[in-house]
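K.L.:
Quick one, structure for this:
(one chain, ligands or ions: 2)
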Amino acid sequence: MAMALFSPTFSFRISTSAPQRRRRRCFVQSSQATVAIEAPSSSTTDLLLQVKDLSAVIAESKQTILKGVNLTVRHGEVHAVMGKNGSGKSTFAKVLAGHPDYEVTGGSIMYKGLDLLEMEPEERAIAGLFMSFQSPVEIPGVSNIDFLNMAYNARRRKLGLPELGPIEFYGYVAPKLELVNMKTDFLNRNVNEGFSGGEKKRNEILQLAVLGAEFAILDEIDSGLDVDALQDVAKAVNGVLTSKNSVLMITHYLRLLEFIKPTYIHIMENGRIVKTGDISIAETLEREGYKAIS
Ligand code: ADP
Ligand code: MG
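P.N.:
Ligands and ions are numbered 1, 2, ... in the order given. The predicted model follows:
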C-alpha cells in the first residue's frame, strides 16, 4: 500500500519501504561540493531544467514509453504539455519526480546544475521539485495542517534549518491560505478526505506554496473541475507563481491556459515532444483536434 502513495512529498513517511533497486549513486550532500557543481557558466545561469533525449521504460514490463524527450525550462517560465491520452505525458512527469515504476534507459536530466537522475525522489523534493498528481491521495487520520507541518519540517531538516513547531507553523501557513482561497477550517480536516475535486487540487497548490517549490509539475490539475473550480485552481497557481519558480503543467484544455498563461506549449506524441509553440497551438487544437498538429 505504501508505494501506491508514491509522492516526493510523502517520501519522508514511506522512505523505509522505498524499493532497494533504485540506484543510489553519488548525490553530493556536502555544501561545498554542491556549490562547485552548481556554479553555472554565464550562458546557463537561468536554466532550471534541461532534459535531453530522455527515454524510459516501464520497470516491470520493460515497455518503452518515452522515446527521446527534449525540454529546457528556465526560471520563471510556465510550460504546458498537451497531447493525446497515452502519449506519455504522465510518464514524463513521474520520471521527473523519480517514480519507481519507470526506469530511465537513455538521455539526461539536469536540474539546477545537478544530475537529477542520480537523486532519490525525496532528494528531488528537497531540491525544490514538486509534483501534483492526477488523483491526489486521501490520508485518513492525518490532519491537513499536521501533514503540511511534517512535510515542511522534513524539508527544513534536510536543508539544515530549524523545524517549526505547530504555533510557528500556523503563522507561516495562514497567509498562504489566502493565496489558494481556502478557509482556516480546511487545515483541520484530514488530508483530502471528503474534499471536492477543486478542493483537492487547491490543497495540492497549498502544499506547493508551503514547500516553496521552485519547479512544480502539475498533472491535469484541471481534470474533473467545473469552470468555477477551474478558475479557483488557476488563481491558486497564479498566486504562488513568482519570477523565480517554474511550472510544467499537463493539460487537455485551452481554458486552463487562458487563466495560467504558458510561456511555451509542447505537444507530446508517442513518447516525444513533437512540437513547441505558443498559445496558438492550443487554439488550433481546440478548433481542429490533434490531426491538425501531428
Ligand atoms: P498520458 O498521461 O499521456 O495519457 P501515460 O504516460 O499515462 O500517458 O501513459 C503512456 C502509456 O504508458 C499508456 O499506454 C499507459 O497505459 C502506459 N503506462 C504508463 N505507466 C504504466 C504502468 N505503470 N504500467 C503499465 N502501463 C503504463
Ligand atoms: Mg496522464
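
K.L.:
Confidence-wise, which helix or strand of the protein is lowest on average?
P.N.:
The least trusted helix or strand in the chain, going by mean pLDDT, DSSP states H and E, turns out to be helix 31-38, with a mean of 33.

K.L.:
ok, and does the helix or strand that that one is followed by reach over to ligand 1?
P.N.:
Tracing the chain past helix 31-38, the next element assigned as helix or strand by DSSP states H and E is strand 47-58. Yes - taking CB under 6 Å from any ligand atom as the criterion, strand 47-58 and ligand 1 are in contact, through I58. Yep, even glycine has a C-beta here, placed from its N, CA and C like the rest.

K.L.:
Buried residues in strand 47-58, which are they?
P.N.:
L47, L48, L49, Q50, V51, L54, S55, A56, V57 (16 or more other CB atoms under 10 Å).

K.L.:
Would you convert these into CSV that also reports pLDDT?
P.N.:
Formatted as CSV, those follow (pLDDT from 0 to 100):
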residue, pLDDT
L47, 94
L48, 96
L49, 98
Q50, 98
V51, 98
L54, 98
S55, 98
A56, 98
V57, 98
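
K.L.:
Show me the two of these that sit farthest apart.
P.N.:
In the buried residues of strand 47-58, the most distant members under the criterion CB to CB are L47 and V57, with 27.0 Å between them.

K.L.:
Which single residue in the stretch 51-200 of the chain comes nearest to ligand 2?
P.N.:
Nearest residue of the stretch 51-200 of the chain to ligand 2 (CB to the ion) works out as S90 at 3.1 Å.

K.L.:
And for L230, the neighbour number?
P.N.:
The local packing of L230 (other CB atoms under 10 Å) involves 22 other residues.

K.L.:
Report the separation between it and Y253.
P.N.:
8 Å (CB to CB, to the nearest Å).

K.L.:
which neighbours do those two share?
P.N.:
Taking CB atoms under 8 Å, 6 or more residues apart in numbering as the contact definition, L230 and Y253 share the neighbouring residues D222.

K.L.:
How is K275 assigned, secondary-structure-wise?
P.N.:
When classified by DSSP: H, G, I helix; E, B strand; the rest coil, K275 comes out as strand.

K.L.:
excluding its backbone neighbours, what's nearest it?
P.N.:
In space, not counting the residues next to it along the chain, K275 is nearest to I267; the distance is 4.3 Å by CB to CB, 6 or more residues apart in numbering.

K.L.:
What count of nearby residues applies to that neighbour?
P.N.:
22.

K.L.:
got it, and the one 5 residues further on?
P.N.:
Burial of R272, expressed as a neighbour count using other CB under 10 Å, amounts to 21.

K.L.:
what residues are up against it?
P.N.:
Residues in contact with R272 (CB under 8 Å, 6+ apart) are L66, K67, G68, V69, G88.

K.L.:
List, out of these, those positioned next to ligand 1.
P.N.:
Okay, of the contacts of R272 touching ligand 1 (CB under 6 Å from any ligand atom), that's G88.

K.L.:
The nearest residue to Y264 once chain neighbours are set aside: which element?
P.N.:
Of all residues beyond its chain neighbours, the one nearest Y264 is H79 (5.2 Å), with distances taken as CB to CB, 6+ apart. Applying DSSP H and E as the criterion places H79 in strand 78-82.

K.L.:
Give me the distance between that strand and the centre of its chain.
P.N.:
The gap between where strand 78-82 is centred and where its chain is centred comes out at 12 Å by CA atoms, centre = their mean, to the nearest Å.

K.L.:
same question, stretch 178-189
P.N.:
On CA atoms, centre = their mean, the centre of stretch 178-189 falls 21 Å from that of its chain.

K.L.:
Repeat that for stretch 101-117.
P.N.:
On the basis of CA atoms, centre = their mean, stretch 101-117 sits 15 Å off its chain's mean C-alpha point.

K.L.:
Which residues of this structure lie near ligand 2?
P.N.:
The interface of the chain toward ligand 2, taken as CB under 5 Å from the ion, is made up of K89, S90.

K.L.:
low-confidence ranges in the chain?
P.N.:
1-45 (pLDDT under 70).

K.L.:
re earlier: now do the same contact list for the residue of the stretch 51-200 of the chain closest to ligand 2.
P.N.:
Applying CB under 8 Å, 6+ apart, we find S90 in contact with Q134, D219, I250.

K.L.:
go on, L230?
P.N.:
Neighbouring residues of L230 by CB under 8 Å, 6+ apart: G198, D222, R255, L256, F259.

K.L.:
So it: helix, strand or coil?
P.N.:
Looking at L230 with three-state DSSP, the answer is helix.
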